[in-house]
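Chemist: missing the sequence, but the structure's below:
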């Protein structure tokens, strides 16, 4: 009897696993655009209806021939600029960067691009003894018009008005698996300086775990990725696991608020090691700014 019950349980488990794999294969071939409107009195009226598309965690994924389906979806949004919230590449020795380079270069022909690093770009650039010249080759592939934001700020201008965009390039210790590394309250200021007083300050910060620190620093709007939506998303519970093996992470996908700050967290476009996606269709974010606060 015990062996029969055990066999039934194992059989049910295998069936569930096969179903999850089938769903995951189907979802990894889909795409969607998730739209948000961000309203703030700090946004100049000249930036009303300013549209940004956010890409994150492509990890060499390709939709259609040379990502033509992804390019079509982006163009349909008619963005004023493209923001990249990191991890377009796969940070593993020997992996090609041709797919993300082609996508970004095609977009650079049409839109201003502002690129913030993820942990995969970070480690490939830092650890040359492991990754060789992969980072240098990637940089050489990319269009020179791309704006890299490595602890830097850029001013976005429109009809004589300005808003401010920062890109955070954190140290590898803030991406450790299985544990959370505390962040000193002055760490962000030491990298980014102080945000513009009375200006609208946007921050590309790949790791959403430190949203409370980004808010304390003074970010009005944060763009993040990294968690891939929690891979498998359960109703009412959200994402199951982050790439750093945190189970049911606090931030996984969607819109979050803390006092006067907001974070828009992408579920990402691809995966690098675990290819599972269930109830978690790959997405781009489409953000429309407005100064009209209801």
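Modeler: Happy to help now that I have it. Note that this is a predicted model, so its numbers are computed, not measured.

Chemist: can you check the pLDDT for the residue positioned nearest the centre of the chain?
Modeler: For the chain, the residue nearest the mean C-alpha position is residue 225 (2.7 Å; Cα atoms, centre = their mean). Residue 225 carries a pLDDT score of 93 in this model.

Chemist: pretty sure it is touching residue 57, no?
Modeler: Yes - with contact defined as Cβ atoms under 8 Å, residue 225 reaches residue 57; the gap is 4.7 Å. For the C-beta atoms, the positions are set from N, CA and C on the backbone; glycine is no exception.

Chemist: identify the contacts common to the two.
Modeler: 85, 86, 87, 118, 266, 268 (Cβ atoms under 8 Å, 6 or more residues apart in numbering).

Chemist: could the residues you listed go into CSV alongside secondary structure, pLDDT and neighbour count?
Modeler: Listed next are the shared contacts of residue 225 and residue 57 as CSV, based on DSSP: H, G, I helix; E, B strand; the rest coil; pLDDT from 0 to 100; neighbours: other Cβ atoms under 10 Å:
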residue, secondary structure, pLDDT, neighbour count
85, coil, 97, 30
86, coil, 92, 30
87, coil, 93, 29
118, coil, 94, 29
266, coil, 95, 27
268, coil, 89, 30
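
Chemist: neighbouring strands - and their directions - for the helix or strand where residue 82 lies?
Modeler: Using DSSP states H and E, residue 82 sits in strand 81-84. According to DSSP bridges, strand 81-84 forms sheet pairs with strand 50-55 (parallel), strand 113-115 (parallel).

Chemist: please point out which parts of the first one sit buried.
Modeler: Across strand 50-55, burial judged by 16 or more other Cβ atoms under 10 Å covers 50, 52, 53, 54, 55.

Chemist: contact partners for the second one?
Modeler: The neighbours of residue 52, taking Cβ under 8 Å, 6+ apart as the test, are 79, 80, 81, 82, 83, 286, 287, 289.

Chemist: now with 10 Å?
Modeler: Residue 52 sits next to 36, 38, 77, 79-83, 111-112, 114, 156, 165, 202, 221, 223, 264, 285-289 when contact means Cβ atoms under 10 Å, 6 or more residues apart in numbering.

Chemist: check the fourth one too.
Modeler: Each residue near residue 54 by Cβ under 10 Å, 6+ apart is listed here: 34, 36, 79, 82-85, 204, 223-225, 264-266, 283-287.

Chemist: go again using 6 Å as the cut-off
Modeler: 83, 85, 223, 266, 285 (Cβ atoms under 6 Å, 6 or more residues apart in numbering).

Chemist: farthest-separated two in those residues?
Modeler: In terms of Cβ to Cβ, the contacts of residue 54 reach their longest pairwise distance at 83 and 266, which sit 10.0 Å apart.

Chemist: nearest to residue 124 among the strands paired with strand 81-84 would be which one?
Modeler: Going by Cβ to Cβ, the one of the strands paired with strand 81-84 nearest residue 124 is strand 113-115, 13.9 Å.

Chemist: residues in contact with that closest one?
Modeler: For strand 113-115, using Cβ under 6 Å, 6+ apart, the contacting residues are 82, 83, 84, 107, 146, 147, 148, 149, 165.

Chemist: can you do 8 Å?
Modeler: Contacts for strand 113-115 (Cβ under 8 Å, 6+ apart): 81-84, 104, 107, 143, 145-149, 154, 165, 167, 204.

Chemist: among those residues, which are located in helices?
Modeler: 104, 107 (DSSP state H).

Chemist: of the contacts of strand 113-115, closest to residue 197?
Modeler: For those, the nearest to residue 197 is residue 165 (16.1 Å; Cβ to Cβ).

Chemist: before we move on, back to that, so which pair among the shared contacts of residue 225 and residue 57 is furthest apart in space?
Modeler: 118 and 266 (11.1 Å).

Chemist: what do the two both touch?
Modeler: With Cβ under 8 Å, 6+ apart as the test, residue 118 and residue 266 both reach 56, 57, 85, 225.

Chemist: show me which of those residues is closest to residue 198.
Modeler: residue 85 (25.6 Å).

Chemist: got the contact list for that closest one?
Modeler: Counted by Cβ under 8 Å, 6+ apart, residue 85 has contacts 54-57, 116, 118, 204-206, 223-225, 266.

Chemist: do the same with residue 74
Modeler: With Cβ under 8 Å, 6+ apart, residue 74 has these contacts: 53, 55, 82, 107, 284.

Chemist: ok so, going back, what lies in contact with the strand holding residue 82?
Modeler: Here strand 81-84 has contacts from 52-56, 74, 104, 107, 111-116, 156, 165, 204, 223, using Cβ under 8 Å, 6+ apart.
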